[in-house]
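Novice: The sequence isn't on hand, but the structure is:
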């Protein structure tokens, strides 16, 4: 193993050899070790330093909350975790990786050279700090919000109990991932015939702990376990029947939530021009759209073969389903863009109204639709026609929102949105369809 000084000397020799017009090449990578080392330092340490400089007075303020500290820890540790994933999976060149200091190089040696628990102690500790900051800053308030939705004011989950259950769920989740497919030196599973049973037990314990962090009723406790089991079986086996099992569990959870929380509300949402629907009905439409999306993912993430494979491929069922989901998603986003939502002060007084949905979210879903559709097209999972239709609707949606992003309180704004979206989508389809059709 060479030291950092040796790599720096090779870099100087390489630059000196190039000054005289020589074509001697000592490195096969585009970035030399010195430049790569400097880039790693910038990527890992600059975000935390910038956050500390910008918010130093807020962090050091006597009335600062724990959220400020968690934000700093998250900003400082996440770049290190991402850099560790790149270095440990061979993305960085070996000369680049070896020239790093011990903090960035710990636990990143190639697998064939062997990795020890002692070497991975520093990445594990920093990853643990990052996970805890995310948990305390974002997941604990989310658990309190979910428990309020399910149980009302009297059943809000305390922060300490939510932290305990989330930590236990994370620990069992890590153990489950480590235990999955683990074999001994003889090539056999660790627990023999009971290996799969213990894996499902660990997965169930993790899901139950995550479920308990939201303070659900005891009768609903098996639901997160069943959801985790069906989702794990679907991901591992890629069989469509487990995707439908996941859809069934999701339908059960949403039906219980809608029935107990939205039945007696009289709020309405305008889904199409001149057509109002209750908030409960709108929630059901959202539920069915999400179930439809899970089915589309099941058609893509599917094991080779299976019933109806030739039919699905011949008639492009996956692309048609994704295009239908894009249409329903656009209609729901348009209705929420002009739906006013009250804004309250700290004294619980309403002082204004804003849109329940933002234009930036429309741009995010539109760009995500484009990326997914063209990735499926590159993988030959959908045909060109469905790609053109779904992409045209996504781009037309973004164009329609860009023309007039603020729609709260504007008359006939929903009709104008649909008109602009239809015109832009049809124009794009007319332009692009000749290139997608085969002669």
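Specialist: Sure thing, it's come through. Since we're looking at a predicted model, the values are computed, not measured.

Novice: Now the residue positioned nearest the centre of the chain: which helix or strand?
Specialist: Centroid-nearest residue in the chain: residue 368, 11.4 Å away (criterion: Cα atoms, centre = their mean). For residue 368, the host element (DSSP states H and E) is helix 359-378.

Novice: who touches the closest residue to residue 421 other than its chain neighbours in this structure?
Specialist: Using Cβ to Cβ, 6 or more residues apart in numbering and skipping the chain neighbours, the partner closest in space to residue 421 is residue 400 (4.2 Å). Where you see a C-beta, it was placed from the backbone N, CA and C, and this is true even at glycine. Residue 400 makes contacts with 417, 420, 421, 424, as judged by Cβ atoms under 8 Å, 6 or more residues apart in numbering.

Novice: mind listing what's buried in the strand or helix carrying residue 400?
Specialist: Using DSSP H and E, residue 400 maps to helix 384-403. Residues 384-401 are the ones in helix 384-403 that count as buried (16 or more other Cβ atoms under 10 Å).

Novice: what is the mean pLDDT for the very next helix or strand once past it?
Specialist: Using DSSP H and E, the helix or strand that follows helix 384-403 in sequence is helix 413-436. Averaged over helix 413-436, pLDDT sits at 85.

Novice: ok, and what's touching helix 413-436?
Specialist: 270, 272-273, 330, 334-335, 337-338, 383-385, 387-389, 391-393, 395-397, 399-401, 403-404, 407.

Novice: List the buried residues of that helix.
Specialist: 413, 414, 416, 417, 418, 420, 421, 424, 425, 428, 429, 432.

Novice: swap in stretch 270-277?
Specialist: Buried residues in stretch 270-277, counting neighbours by 16+ other Cβ under 10 Å, are found at 270, 271, 277.

Novice: how about the helices in the stretch 151-300 of the chain?
Specialist: Shown for the stretch 151-300 of the chain, the helices assigned by DSSP state H, counting those that start in this stretch span residues 159-179, 195-212, 222-237, 240-261, 279-300.

Novice: The fourth one vs helix 222-237, what angle?
Specialist: To tie it back to what came earlier, the one meant is helix 240-261. When axes from the mean of the first three to the mean of the last three Cα atoms, to 10 degrees is applied, the directions of helix 240-261 and helix 222-237 differ by 160 degrees.

Novice: List the neighbours of helix 240-261 that are in contact with it.
Specialist: Defining contact as Cβ under 8 Å, 6+ apart, one finds that helix 240-261 is touched by 149-150, 220, 223, 226-227, 230-231, 233-234, 280, 283-284, 287, 290-291, 294-295, 297-299, 301-302, 306.

Novice: Which PyMOL command selects the buried ones in the residues you listed?
Specialist: One line in PyMOL is enough to select the buried members of those, burial here meaning 16+ other Cβ under 10 Å:
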select buried, resi 150+223+226+227+230+231+233+234+280+283+284+287+290+291+294+295+297+298+299+302
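
Novice: after the helix or strand bottoming out on mean pLDDT in the chain comes which helix or strand?
Specialist: Ranked by mean pLDDT, DSSP states H and E, the weakest helix or strand in the chain is helix 4-19, scoring a mean of 53. Counting by DSSP H and E, the next helix or strand C-terminal to helix 4-19 is helix 33-54.

Novice: List the buried residues of that following helix.
Specialist: In helix 33-54, counting by 16+ other Cβ under 10 Å, buried: 33, 34, 36, 37, 40, 44, 47, 48, 51.

Novice: Ok, stretch 249-264 next?
Specialist: Here stretch 249-264 shows 249, 250, 253, 254, 256, 257, 258, 262 as buried, counting by 16+ other Cβ under 10 Å.

Novice: Switch the residues you listed over to CSV; also include pLDDT and distance to residue 66.
Specialist: Shown next, in CSV, are the buried residues of stretch 249-264 (pLDDT from 0 to 100; distance: Cβ to Cβ, whole Å):
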residue, pLDDT, distance to residue 66
249, 86, 35
250, 86, 34
253, 81, 31
254, 84, 33
256, 79, 33
257, 77, 30
258, 81, 35
262, 75, 34
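
Novice: can you redo those as a markdown table with distance to residue 177?
Specialist: Below are the buried residues of stretch 249-264 laid out as a markdown table (distance: Cβ to Cβ, whole Å):
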| residue | distance to residue 177 |
| --- | --- |
| 249 | 21 |
| 250 | 23 |
| 253 | 24 |
| 254 | 28 |
| 256 | 29 |
| 257 | 29 |
| 258 | 33 |
| 262 | 36 |
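
Novice: re earlier: can you name the residues in contact with the helix holding residue 368?
Specialist: Counting by Cβ under 8 Å, 6+ apart, 300, 318-319, 322, 326, 329, 333, 337, 382-384, 386-387, 390-391, 394-395, 397-398, 401-402, 405 sit against helix 359-378.

Novice: relative to helix 384-403, how tilted is it?
Specialist: In terms of direction (the same axes, to 10 degrees), helix 359-378 departs from helix 384-403 by 170 degrees.

Novice: Now do helix 359-378 against helix 413-436, angle only.
Specialist: Going by the same axes, to 10 degrees, helix 359-378 makes 20 degrees with helix 413-436.

Novice: quick one on the thing from earlier: how far does the helix holding residue 400 sit from its chain's centre?
Specialist: Offset of helix 384-403 from its chain centre (Cα atoms, centre = their mean, to the nearest Å): 23 Å.

Novice: Stretch 286-297 now?
Specialist: Taking mean C-alpha positions (Cα atoms, centre = their mean), stretch 286-297 and its chain are 17 Å apart.

Novice: what do you get for stretch 55-62?
Specialist: Using Cα atoms, centre = their mean, the offset of stretch 55-62 from its chain centre is 31 Å.

Novice: May I see the buried residues of that stretch?
Specialist: Neighbour count says stretch 55-62 has residue 55 buried, by 16+ other Cβ under 10 Å.

Novice: who's in contact with stretch 101-110?
Specialist: Against stretch 101-110 from outside (Cβ under 8 Å, 6+ apart): 4, 40-41, 44, 80, 83-84, 87-88, 90, 94, 97-98, 115, 119-124.

Novice: Same check on stretch 322-336?
Specialist: Residues outside stretch 322-336 that contact it (Cβ under 8 Å, 6+ apart) are 269-272, 282, 285-286, 289, 292-293, 296, 355-357, 361-362, 365, 369, 372-373, 376, 382, 386, 389-390, 393-394, 397, 414, 417-418, 421.

Novice: 6 Å instead?
Specialist: 269-271, 289, 292-293, 296, 356-357, 362, 369, 386, 389-390, 393, 397, 417 (Cβ atoms under 6 Å, 6 or more residues apart in numbering).

Novice: For the protein, give me the ranges with low pLDDT.
Specialist: 1-31, 110-119, 152-153, 181, 303-308, 341-356, 405-412, 436-439 (pLDDT under 70).

Novice: mind redoing it with 90?
Specialist: Per-residue confidence for the chain (pLDDT under 90) gives these ranges: 1-326, 328-366, 368-388, 390, 400-419, 429-439.
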